[in-house]
Structures are given as structure tokens and as C-alpha cells.
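Student: Dropping the sequence and predicted coords here.
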Amino acid sequence: MAQRRRQDLIMELIQQNGFVTTEQLVDQFKVTPQTIRRDLNELAKQKKLRRHHGGAGIDSSTVNTAYQARKIMDLEAKERIAEALVELIPDNSSMFINIGTTTETIAKALLEKNNLQIVTNNLHVASILSAKEDFHVIIAGGEVRNRDGGIVGEATRDFINQFKMDFGIIGISGIHNDGSLLDFDYREVRVAQDRKS
């Protein structure tokens, strides 16, 4: 396969998945790790992707807004989303709630429910929901991001994947032109992808 074609396909995979490992690409294209590293380094120089240890992810052309600003941004819309969603969640349900200020707003609205089991990788969600005595809140282990209290990493994914939930409440940062969901941290994307499947 020509290098240009392989690089185009690598970019398609990254757009679809948010992040790919060098190992995945070696298996996909049946080439050496050195060939994949060269491709990734060249694409990174062209600012088409961002290199990470063991792979590459989307090089976002937008900047992630600071957490405190995001908390109040579009608050009325977040509250409407939360109200509508809470109507769909019955008492005695189990759910996964990920990182984000919208999911935190939803967590506040969930306080009107009874006997929920929640698995989360969001310290703020855990704090909000643990105030309710009949809620069972389970928080994932992993690396805590200082900027927003999100818990990320492979340990987080492994922990969360142990659970089967009735619902998944997944926050995102944006929607690509092709309809795929986007986020700023490939580790968040991978947790969300695991929950979708």
C-alpha cells in the first residue's frame, strides 16, 4: 500500500475513534512499528494529528474552554437537557455517568430519583450524588485531571468495563461534520466508546 493511502486511512481511523495505538495500526496495515511511527510523525508535523505515547489522536483545532467557564456556559440549556433526561430514568436504575459539566447538571437533577446505582469517572458527579442516602455511587480509579476532576486512563477503562448498566449518560465536546462525537482528551473518548458498545 502506498504511503499516502495508508496515511489517509490512518487519519480516517483517528477521526472515527479519537485515538489509535501504534499496535492497532501495525495490525491493520501489516507493516512494521517503525513504518507506522514514521507515518504518525509525518502527519503530526503536518498538524493533522497529535502524537501520544503509544499512538496518536485528533489534533483539535479548537481550544477546550476552562472548567469554571464551562460550568456556567449554556446553563439553561443544560438544565433543560437534565429535566428531559431525568423523566426517562426510572427509580431503581443503574447508570454510567462520564465527565462533563452537562453530566454534572444531570447529576443534580437525578437527586429527585430513588435508589439509583451510579458508576462514574467524574469526581464532581460522585460528590453530588453521594449526598443522597439511597444512591449507591461507585467511582472509578485512575488518574485525576486537576482541571476538571475527571478520572482517566487505562485503569479507569478496565474498572468501568466490569459493569453492565441500564443507562449511559455521556457528555461530549462537539460533533464532527460526519456526525461522529468528539472530545478533547482521547482517554475520555475511549471510555465513551467502551460504554457505547
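Tutor: That came through, no problem.
Student: Low-confidence stretches in this protein?
Tutor: Within the chain, the stretches with pLDDT under 70 are 59-70, 174-176, 180-197.
Student: switch the cut-off to 50
Tutor: Residue ranges of the chain with pLDDT under 50: 62-63.
Student: Which parts of it are helices?
Tutor: Assigned by DSSP state H, the chain shows helices spanning 3-17, 22-29, 33-45, 67-72, 75-88, 101-110, 123-129, 154-160, 186-196.
Student: In TSV: these, plus mean neighbour count and distance to Gly55.
Tutor: From N, CA and C alone the C-beta is placed, and that goes for glycine too. Conversion of the helices of the chain to TSV gives the following (neighbours: other C-beta atoms under 10 Å; distance: least, C-beta to C-beta, whole Å):
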stretch	mean neighbour count	distance to Gly55
helix 3-17	15	9
helix 22-29	16	5
helix 33-45	16	8
helix 67-72	13	26
helix 75-88	14	32
helix 101-110	22	26
helix 123-129	21	26
helix 154-160	17	12
helix 186-196	19	8
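Student: Alpha carbons only: can I get stretch 158-170 in PDB?
Tutor: What follows is stretch 158-170, C-alpha atoms only, in PDB (Å, rounded to 0.1, in the frame of the first residue of the first chain):
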ATOM      1  CA  ASP A 158     -10.800  -1.500  32.900                       C
ATOM      2  CA  PHE A 159     -12.700  -0.700  36.000                       C
ATOM      3  CA  ILE A 160     -15.800   0.700  34.200                       C
ATOM      4  CA  ASN A 161     -15.900  -2.200  31.800                       C
ATOM      5  CA  GLN A 162     -16.700  -4.500  34.600                       C
ATOM      6  CA  PHE A 163     -20.200  -3.100  34.900                       C
ATOM      7  CA  LYS A 164     -23.400  -3.600  32.900                       C
ATOM      8  CA  MET A 165     -25.600  -0.600  33.300                       C
ATOM      9  CA  ASP A 166     -29.200   0.200  32.400                       C
ATOM     10  CA  PHE A 167     -28.200   3.700  31.000                       C
ATOM     11  CA  GLY A 168     -25.100   5.600  29.900                       C
ATOM     12  CA  ILE A 169     -25.100   9.300  30.300                       C
ATOM     13  CA  ILE A 170     -22.200  10.500  28.100                       C
END
